[in-house]
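Asker: A structural model of the following input is requested.
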Amino acid sequence: MSSYIIKANSAAIDDLALMFDRYRQFYQMDSNITAAKHFISDRLSLHDSIIFMCYTADKAQGFAQIYPSFSSVAMRRTWTLNDLYVNKEERRAGVARLLLNHTLEEARQAEIFSVKLVTAKENLIAKSLYQSLGFQQNDRFDSFSIRLKKSA
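Answerer: Okay, here's the model as predicted:
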């Protein structure tokens, strides 16, 4: 069966919220499908993220969520690929690669300066995939953050 990618809209919210909840659980967050649905609904209605979804035979397989931003130095738009998730039973079937390739093609068409992402140091499978698509590990800058509030 062939897979296809759509840009998420409100019609996909139930499929997307379920996968988003699983994605959060992957990162040791408690399941909360109601909050996941609310969060994703807000992203879509406020247009502050872009979400691509992969389907096979009308079944949602995975998603990529991108947050648009800017590079002050380059004075150009950038994207942060913040979330990439593939249903457990579909992993290693090319869904992540399909979502990433689609994201990169959309970024090129929109004349985005760069696409950034972050992954866990121990996520060797994802790192290998990212590198195979041309992503390079940044060795010029160190990234810092501070958590100001407990997660939902």
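
Asker: Strand partners (parallel or antiparallel) of the strand with the most length in the chain?
Answerer: Looking only at the chain and at elements set by DSSP state E, the strand with the highest residue count is strand 59-71. According to DSSP bridges, strand 59-71 forms sheet pairs with strand 50-56 (antiparallel), strand 76-86 (antiparallel).

Asker: just those strands: most buried one?
Answerer: strand 50-56 (a mean of 20; mean count of other Cβ atoms under 10 Å). In short, each C-beta sits where N, CA and C put it, glycine included.

Asker: if we can go back for a sec, what about the longest strand of the chain, average pLDDT?
Answerer: This predicted structure assigns strand 59-71 an average pLDDT of 97.

Asker: Could you export it as PDB, CA atoms only?
Answerer: Written as PDB, here are the backbone C-alpha positions of strand 59-71 (Å, rounded to 0.1, in the frame of the first residue of the first chain):
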ATOM      1  CA  LYS A  59      -4.900   5.000   8.700                       C
ATOM      2  CA  ALA A  60      -2.700   7.600  10.400                       C
ATOM      3  CA  GLN A  61       0.900   6.300  10.700                       C
ATOM      4  CA  GLY A  62       2.900   9.300  12.100                       C
ATOM      5  CA  PHE A  63       3.300  13.000  12.200                       C
ATOM      6  CA  ALA A  64       5.900  15.800  12.100                       C
ATOM      7  CA  GLN A  65       5.200  19.100  13.900                       C
ATOM      8  CA  ILE A  66       7.200  22.100  12.800                       C
ATOM      9  CA  TYR A  67       7.400  25.500  14.600                       C
ATOM     10  CA  PRO A  68       8.200  28.400  12.300                       C
ATOM     11  CA  SER A  69      10.800  30.900  13.600                       C
ATOM     12  CA  PHE A  70      13.500  33.300  12.300                       C
ATOM     13  CA  SER A  71      17.300  33.500  12.200                       C
END
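
Asker: ok so, going back, can you redo the strands paired with strand 59-71 as TSV with mean pLDDT and distance to residue 62?
Answerer: Shown next, in TSV, are the strands paired with strand 59-71 (pLDDT from 0 to 100; distance: least, Cβ to Cβ, whole Å):
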stretch	mean pLDDT	distance to residue 62
strand 50-56	96	5
strand 76-86	96	4
